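Q: Please find the sequence and the predicted model below.
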Amino acid sequence: MAMNADLIYLPLLGQIIANPVTTFPVNEQFRLLSGVIFFLFGVVSTASTIFLIHYLLTLPMRRAERARLFLDLLAGALNRGQSVEAMILSLAQSRDRMLGARFHLLAAYIEGGLRFGAALEKVPRFLPPQITAMLRAGEKLGDLRRVLPACREILRDRPAAVRSAVHYMIVVILFFSPVAVGVIMATMIFVVPRFKEVAAGMDAPVWPLAQFVFAYIGWLIGFEIVLSLLLVSTTALYVGGPLFARWFQFRGFPFVDWMAWCVPWKQKRLQRTFSAMLAVLLDSGVPDAEAVRLAGDCTANEIGRHRAQRVVAALERGVKLDDAARAFDDSGEFHWRLTNLTHARRGFLDALRGWHETLDAKAFQQEEATAHVVTSGLVVLNGLVVALITTAMFGLIVGILKAMLATM
């Protein structure tokens, strides 16, 4: 019986192998092929989206980590008595990719005969602008080791709660909010007009609330689109970094620097940068006016430089440093800190470390609160628009049903 079954099925198997098209219809093959293609497309799209999210969220952290690594290498070379240029050239010869392609470009300029500070000016995107300005100031002092503690204070990492809040806000702004706006616009363009035509053809009564929503929902959607575009632009500036923001800077009106100064947590970080660098320069014996000018340049912000020039002008008029510092900080706390330093026996940087930590803590708190408020506001706004459209749609459906019942 087993051999008879084999003799029966073997010709059938040979027919299937010899002529698969006649065995499986073309429609089934097309469905199978299209299903495989759509599955692969979905996998590739999902993987690409996840990679894009990871790349965008980690870009600012990778920039800061690369700067911290370079500062550690710089400190090690200085402690060994090795010149900065020799350290950079030896690392470039090892072809290590940890520091990125711009590090090798920096090494190429140094190999061409430029000093470290001049080479940094040629590669502005290698380090954050404040760090670059501080290292150049340290080179002018003749001792880069003096400015390294201030550089590390600027590169202090954000707490985990702040990073999580900011990352969640970026995901909502870049992905959730545009999808929600697109779905709402598609509903208003393709779905709502059909129901309105049916209701108008049947002379169905429409709720006053539905009439109000359909009359003004366009303005609310337009406001949401404009708000989303502004937030996407702000996110692009955050992800792109300070040098990307420089593309939108105007010489006559430093719009980007003014916006950075108006943001509370950024202003506190600029004040911390100015205070840390001023403390380093004063500890090094630099005259007050020159120290204030260099500290203002290290903020890499035109508003910070302008305020530093006001402090310099007050010093030239004979005002003491602690009183002249009022021109930089409107709150007056920096003036109070400098006044109390006259009774301190430690250096300026050590004495102001608590002030810098306070500025950092306040900046982190404000940044986290803003991220939560923006994220919650976008979710509530999208929910409000969806609720209004849903209510209006129910009003149309109820009116259509009433008209149908009246004609029966």
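A: Right, received. Where do you want to start? Numbering: from 1, shown residues only.

Q: And Ala137, how close does it get to Leu74?
A: Noted for Ala137: a distance of 14 Å to Leu74, by Cβ to Cβ, to the nearest Å. Any C-beta I mention is one placed from the backbone N, CA and C, and that applies to glycine too.

Q: swap in Met98?
A: In terms of Cβ to Cβ, Met98 sits 14 Å off from Leu74.

Q: Could you count how many residues lie near Thr86?
A: Thr isn't right for residue 86; it's Ala. 11 (other Cβ atoms under 10 Å).

Q: And Ile184, by the same measure?
A: 20.

Q: Which pLDDT value belongs to it?
A: For Ile184, the pLDDT comes out at 83.

Q: and what of Ala313?
A: On the pLDDT scale, Ala313 gets 91.

Q: for it, phi and psi?
A: Main-chain torsions, Ala313, degrees, to the nearest 10: phi -60, psi -40.

Q: buried ones in the helix or strand containing Ser177?
A: Ser177 belongs to helix 177-186 when assigned by DSSP states H and E. By neighbour count on 16 or more other Cβ atoms under 10 Å, the buried set for helix 177-186 is Ser177, Ala180, Val181, Ile184.

Q: from the middle of its chain, how far away would stretch 131-142 be?
A: 27 Å (Cα atoms, centre = their mean, to the nearest Å).

Q: Now do the domain split for this protein, please.
A: 58-154, 158-408 (automatic domain parsing).

Q: Give me the more crowded residue out of Met98 and Leu74.
A: Leu74 (21 against 11).

Q: still on that earlier bit, same list, the buried residues of helix 177-186, but as CSV with distance to Thr358 please.
A: Compiled in CSV, the buried residues of helix 177-186 are given as follows (distance: Cβ to Cβ, whole Å):
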residue, distance to Thr358
Ser177, 34
Ala180, 39
Val181, 40
Ile184, 44
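
Q: Quick check: the two most widely separated of those?
A: Ser177 and Ile184 (10.7 Å; Cβ to Cβ).

Q: okay, and the common contacts of those two?
A: The contact sets of Ser177 and Ile184 overlap at Asn382 (Cβ atoms under 8 Å, 6 or more residues apart in numbering).

Q: circling back: wait, which of the domains of the chain is closest to Val43?
A: Between these, domain 158-408 lies closest to Val43; by Cβ to Cβ that is 18.2 Å.

Q: residues contacting Phe175?
A: Thr49, Ile53.

Q: ignore the last one, Leu209
A: By Cβ under 8 Å, 6+ apart, the neighbours of Leu209 are Thr391, Ala392, Gly395.

Q: thought Val286 was touching Leu141?
A: Yes: at 7.2 Å, Val286 counts as touching Leu141 under the criterion of Cβ atoms under 8 Å.

Q: For the stretch 201-350 of the chain, give me the ranges with low pLDDT.
A: Across the stretch 201-350 of the chain, the ranges flagged by pLDDT under 70 are 243-246, 248-252, 341-346.

Q: again, 80 this time
A: For the stretch 201-350 of the chain, the stretches with pLDDT under 80 are 204, 206, 236-255, 330-333, 335, 338-349.

Q: Could you do the stretch 1-150 of the chain as well?
A: 1-31, 49-50, 52-60, 94-100.

Q: Could I get the average pLDDT for stretch 165-180?
A: 81.

Q: What separates the first and last residues of that stretch, distance-wise?
A: 20 Å (Cα to Cα, to the nearest Å).

Q: distance between that stretch and the chain's centre?
A: The answer for stretch 165-180 is 12 Å, by Cα atoms, centre = their mean.

Q: start at 17 instead
A: Shifting the count to begin at 17 puts that one at stretch 181-196.
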